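S.K.: got a structure for you, letters missing:
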């Protein structure tokens, strides 16, 4: 059974009042920055951390929430569909064994790694009608190891909403952020979570291109993340409102 969805389209459809939560350490962003939250939760059974992406607001009359990997809402990219009325979940072609859907419709990524970085899109559906969709881009920075390799620059489009998350193998540390090996000087479009684990750039600008990294420490223990090279290019989509 294929979940209802709009025809594949690229970009974002306006969704008035939509708020999303991308989990990795609780963080509410002011309305002007998109209404997203970022948190991290620990599994009480396994003690592993997981990333939870959830919608704290949905358009009235939403029957189905559909999660996609990427910024295109088509069948091949569908992670799963959540049917609110009876609480059932239908996995899609893009779903893997580490992804589940909570009873509130949130997407849970267990044992997240840098490979889980990328666009995530949520679409709301009523009956067979798409009420709109919204996309965000998430980068997960794993701790640096002797085997870490420098990856190619990650290209993002100007005016995108970008989350960069510092992962510390499930341990609590004090965190600092660096851009081009200099301590981060926050700009008006940059927001840090209260525990510093998540850096949000919204909207991202061409001048925000650079090499991002987090440093973390607790007592005599310290470490740093792998680096993320962001290349911001001119957008081919309308800016966020």
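M.R.: Done, it's in. Remember, it's a predicted structure, so these values are computed and weren't measured experimentally.

S.K.: Tell me which residue lies nearest the centroid of the protein.
M.R.: Compute the mean C-alpha point of the chain, and by Cα atoms, centre = their mean the closest residue is residue 138, 3.7 Å away.

S.K.: what's the helix or strand for it?
M.R.: Using DSSP states H and E, residue 138 maps to strand 129-141.

S.K.: quick one: average pLDDT of that strand?
M.R.: Averaging pLDDT along strand 129-141 yields 85.

S.K.: Who does the helix or strand that comes right after that strand pair with, and is each partner parallel or antiparallel?
M.R.: The helix or strand immediately downstream of strand 129-141 is strand 154-157, counting by DSSP H and E. Its sheet considered, strand 154-157 pairs with strand 228-233 (parallel) by DSSP bridges.

S.K.: Just the buried positions in the strand it pairs with, please.
M.R.: 228, 229, 230, 232 (16 or more other Cβ atoms under 10 Å). Bear in mind the C-beta positions are built from the backbone N, C-alpha and C, glycine included.

S.K.: sorry, back to before: buried residues, the strand holding residue 138. List them.
M.R.: Applying 16+ other Cβ under 10 Å to strand 129-141 flags 130, 131, 132, 133, 134, 135, 136, 137, 138, 139, 140, 141 as buried.

S.K.: what about it, distance to the chain center?
M.R.: How far strand 129-141 lies from its chain's middle: 8 Å, per Cα atoms, centre = their mean, to the nearest Å.

S.K.: Packing partners of that strand?
M.R.: For strand 129-141, the elements it packs on are strand 19-22, strand 49-57, strand 118-126, strand 162-166, strand 210-218, judged by 3 or more Cβ pairs under 8 Å, 6 or more residues apart in numbering; DSSP states H and E.

S.K.: hey, which of those is tucked in deepest?
M.R.: Of these, the one with the most neighbours on average (mean count of other Cβ atoms under 10 Å) is strand 162-166, at a mean of 25.

S.K.: Taking strand 228-233 as reference, get the angle to that strand.
M.R.: Here strand 162-166 runs at an angle of 170 degrees relative to strand 228-233 (axes from the mean of the first three to the mean of the last three Cα atoms, to 10 degrees).

S.K.: Listing partners with orientation, what would you give for strand 162-166?
M.R.: Strand pairing for strand 162-166, determined by DSSP bridges: strand 129-141 (parallel), strand 198-201 (antiparallel).

S.K.: Switch those strands over to JSON lines; also include distance to residue 180.
M.R.: Formatted as JSON lines, the strands paired with strand 162-166 follow (distance: least, Cβ to Cβ, whole Å):
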{"stretch": "strand 129-141", "distance to residue 180": "15"}
{"stretch": "strand 198-201", "distance to residue 180": "14"}
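
S.K.: can you tell which of these is closest to residue 76?
M.R.: Shortest distance between residue 76 and the strands paired with strand 162-166, using Cβ to Cβ, is found for strand 129-141: 15.6 Å.

S.K.: measure residue 235 to residue 203 for me?
M.R.: Distance, residue 235 to residue 203, using Cβ to Cβ, to the nearest Å: 9 Å.

S.K.: and for the two, which residues touch both?
M.R.: When contacts are counted by Cβ atoms under 8 Å, 6 or more residues apart in numbering, the set common to residue 235 and residue 203 consists of 158, 159, 160.
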